[in-house]
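[1] Please find the sequence and the predicted model below.
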Amino acid sequence: MGISAELFLALLIAIAALSTLARLIDVPYPILLVVGGLAIGLVPGIPEVELDPDLVLVLFLPPLLYAAAFFASLRDLRADLRPISLLAVGLVLATTVTVALIAHALIDGLTWGAAFALGAIVSPTDPIAATTIVRRQGAPRRIANIIEGESLINDGTALVLYRAAVAAVVAGSFSLVDASLELVGSAAGGIAIGLLVGGPIAEMRKRIEDPPVEITISLATAYAAYLPAEELGLSGVLAAVTAGIYLGWRAPEVSSAEMRMQGRPVWAQLQFLLNATLFILVGLQLPVVLDGIGEYSTAELVGYGAAVSATVILTRLAWGQTIVFLIRVLDRRSSQIERRSDWRVRLIGGWAGMRGAVTLAAALALPLQTDAGDPFPHRDLIIFLAFCVILATLLLQGLTLPMLIRRLGIVGDDSEIHEELHGRIHAAEAGLERLDELAGEDWTRDDTVDRMRGLLRYRQTRFSAQRDGDGDQRIEDRSRAYQRLLREVIDAQRDALVRLRNEGEISNEVMQRLERELDLEDTRLEI
């Protein structure tokens, strides 16, 4: 990638500083990281960073896709499969075509193949900033679910179209039938590879009870699905996504409690670092991109960038407000009528179509030459226009999306809270039933059973009151007072352990092991 050790350290410091600033000013970190990377790249004396596109796709894309799929809700994906499919396939096709038409008409000499390559490059969305804003603003959970589900699939659709367009430019020929067959075959093959990889890995992990080894296997799973699919000419994106969804669904039976406690923080940190690194590298690329388009005037570049960005944004908005009526004519089932959204929700979803690192990596992956030995037509300009779309969608849409949600009065329901309370109540009931079954065993003690039964009944009463909305406030006050007391006691125990370590009476390893037990108790508190 052309990054020195000093620059790598500077990037880590920049990521930490810009992410902290983003939290302080309440802006999604991808937006600030792109701007910060751009500012760093324009500083005199900063070495140019040239990304290896193949390395970007292979190194970053599989784990990000796998993690997003692993933690996705299969129930929600099934429930919203139709809108997700329309966005991930239909909208990607529509965006590719409209961008190609506008770019071909606007830019002198831009071939149809290069225009369609540009359209495919800017068609996939990046969900990080959008879902962060949607959740932070308290919008309906379904909006975030659809945005995430769309991003899991549209990368695969876009990259298949991209390969077909690039092949047409490089080879000088194009077949719509072949491209359509490739799209279907690539998707089906990628899903099959994901299942073939996910099944054996699930069985393997069921027999392993070593969290470090399991975490290593989980990290390798993304590549184990992605790389073979790509080597076979299939969709590595859908292979990684399929493996992630499959193993995420089976996670409760293949992972131990200790593995889940250790694995989730590892994946959370990995996702953050990969995303943060990609977005700041996106910003660092602009000086490199500008070096290759010196033959165009500033006015021309601004006009081309604005036109392509506007086409991307307006196509998504138009798609969301029009395709829905065709679907409503075709499907009038009562179950679907109940799930219909109004124009405000569709507008939020349309305005959330931000672009990111996949768009940049695909642009940089454009070959330098055709089979005839000629330079790939308008390669540097295509890369610049892809960068413009990333900046326009992140800055324009990302900074205005919170205000749009508030102005439209879009608020979420409390269905997720009720689901959580329902789960807590059901778990307490299951615990009470099991206690009754065990009460007569020789190894149980009456006082211990009674103490546990009282705890579970108190939880059942408290959560039932919260769910029904008619609970006595004294129950909540009593619970919070108890939790406050428990935290004070935990803090006292933690201070005692640190003091013993400092005085040399216990080792640092012993202190950390006992401190972890206290931390687990602390994280369960709601205050």
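    Perfect, thanks for sending it. Numbers count the residues shown, from 1 in each chain.
[2] pLDDT weak spots in the stretch 1-150 of the chain?
    Within the stretch 1-150 of the chain, the segments meeting pLDDT under 70 span 1-4, 50-54.
[3] go with 90
    1-15, 18-19, 22-61, 64-65, 67-85, 108-109, 111-113, 126-150 (pLDDT under 90).
[4] Quick one: the helices in it, in order.
    Taking DSSP state H, counting those that start in this stretch as the criterion, the stretch 1-150 of the chain contains helices spanning 5-24, 29-41, 53-70, 74-79, 81-85, 92-106, 112-121, 128-136, 141-171.
[5] which stretches of the stretch 151-300 of the chain have low pLDDT?
    Under the criterion pLDDT under 90, the flagged ranges of the stretch 151-300 of the chain are 151-188, 205-212, 230, 233-238, 241, 248-265, 267-298.
[6] Look at Leu12 and say how many residues are nearby.
    Here the neighbour count serves as a burial measure; for Leu12 (other CB atoms under 10 Å) it reads 14. C-betas here are computed from N, CA, C, even on glycine.
[7] ok, it - contacts?
    Contacts here follow CB atoms under 8 Å, 6 or more residues apart in numbering; on that basis Leu12 touches nothing.
[8] Quick check: it vs Thr20, distance?
    With distances defined as CB to CB, to the nearest Å, the gap from Leu12 to Thr20 amounts to 13 Å.
[9] Pro402 now?
    Plainly put, Pro402 is 19 Å away from Thr20 if you go by CB to CB.
[10] Also Asp447?
    Asp447 sits at a distance of 50 Å from Thr20 (criterion: CB to CB).
[11] again with Thr221
    The separation that Thr221 has from Thr20, given CB to CB, amounts to 32 Å.
[12] Tell me how many other residues surround His426.
    Neighbours around His426, by other CB under 10 Å: 12.
[13] Which helix or strand contains it?
    In this structure, His426 is located in helix 415-438 according to DSSP states H and E.
[14] re earlier: for Asp447 and Thr20, indicate the residue with more neighbours.
    Under the criterion of other CB under 10 Å, the comparison of Asp447 against Thr20 puts Thr20 first, with 12 against 8.
[15] State the distance from the most centrally placed residue in the chain to Ser151.
    In the chain, the residue lying closest to the centroid (CA atoms, centre = their mean) is Ala68, at 4.9 Å. When CB to CB is applied, the distance between Ala68 and Ser151 equals 7 Å.
[16] hey, what's in contact with both of these two?
    Jointly contacting Ala68 and Ser151 under the rule CB under 8 Å, 6+ apart are Pro127.
[17] any idea how far Ile348 lies from Arg424?
    Applying CB to CB to Ile348 and Arg424 gives a distance of 30 Å.
[18] Give me the more crowded residue out of those two.
    Taking other CB under 10 Å, Ile348 and Arg424 do not tie; Ile348 has more neighbours (24 against 17).
[19] what residues does the one helix or strand that one maps to touch?
    In this assignment (DSSP H and E), Ile348 forms part of helix 343-351. With contact meaning CB under 8 Å, 6+ apart, helix 343-351 is reached by 134, 139-140, 143, 146-147, 316-317, 319-321, 324, 397, 400-401, 404-405, 408-410.
[20] What subset of those is buried?
    134, 139-140, 143, 146-147, 316, 319-320, 324, 397, 401, 404-405, 408, 410 (16 or more other CB atoms under 10 Å).
[21] ok, so of those residues, who is nearest Val27?
    Leu401 (10.8 Å; CB to CB).
[22] which secondary structure element contains the closest one?
    Applying DSSP H and E as the criterion places Leu401 in helix 398-408.
[23] average pLDDT across that helix?
    The predicted model gives helix 398-408 an average pLDDT of 90.
[24] now for that helix, which elements pack on it?
    Helices and strands in packing contact with helix 398-408 are listed as helix 29-41, helix 128-136, helix 343-351; criterion 3 or more CB pairs under 8 Å, 6 or more residues apart in numbering; DSSP states H and E.
[25] who's in contact with it?
    27-28, 30-31, 129-130, 133-134, 136-137, 139, 344, 347-348, 351-352, 354.
[26] May I have it as CSV, with CA atoms only?
    Output in CSV follows, covering the C-alpha atoms of helix 398-408 (Å, rounded to 0.1, in the frame of the first residue of the first chain):
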residue,chain,number,x,y,z
GLY,A,398,-24.5,12.4,6.1
LEU,A,399,-24.6,15.9,7.6
THR,A,400,-28.2,16.7,6.7
LEU,A,401,-29.8,13.3,7.4
PRO,A,402,-30.2,13.9,11.2
MET,A,403,-32.0,17.2,10.5
LEU,A,404,-34.2,15.5,7.8
ILE,A,405,-35.3,12.8,10.3
ARG,A,406,-36.2,15.4,12.9
ARG,A,407,-38.0,17.6,10.4
LEU,A,408,-40.1,14.8,9.1
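[27] For Leu286, state which of the buried ones among the contacts of helix 343-351 is nearest.
    When the buried ones among the contacts of helix 343-351 are compared for distance to Leu286, the smallest value, 19.0 Å, is given by Gln397; criterion: CB to CB.
[28] which helix is the longest one in this protein?
    Once the chain is assigned using DSSP state H, the helix that runs over the most residues is helix 298-330.
[29] now that one, how far from the centre of its chain.
    The chain centroid and the centroid of helix 298-330 are separated by 23 Å, computed with CA atoms, centre = their mean, to the nearest Å.
[30] Mind listing what's buried along that helix?
    Residues of helix 298-330 classed as buried by neighbour count (16+ other CB under 10 Å): 301, 304-305, 307-309, 311-313, 315-316, 319-320, 323-324.
[31] Of these, which one scores lowest on pLDDT?
    Confidence-wise, Val324 trails the rest of the buried residues of helix 298-330, at 80.
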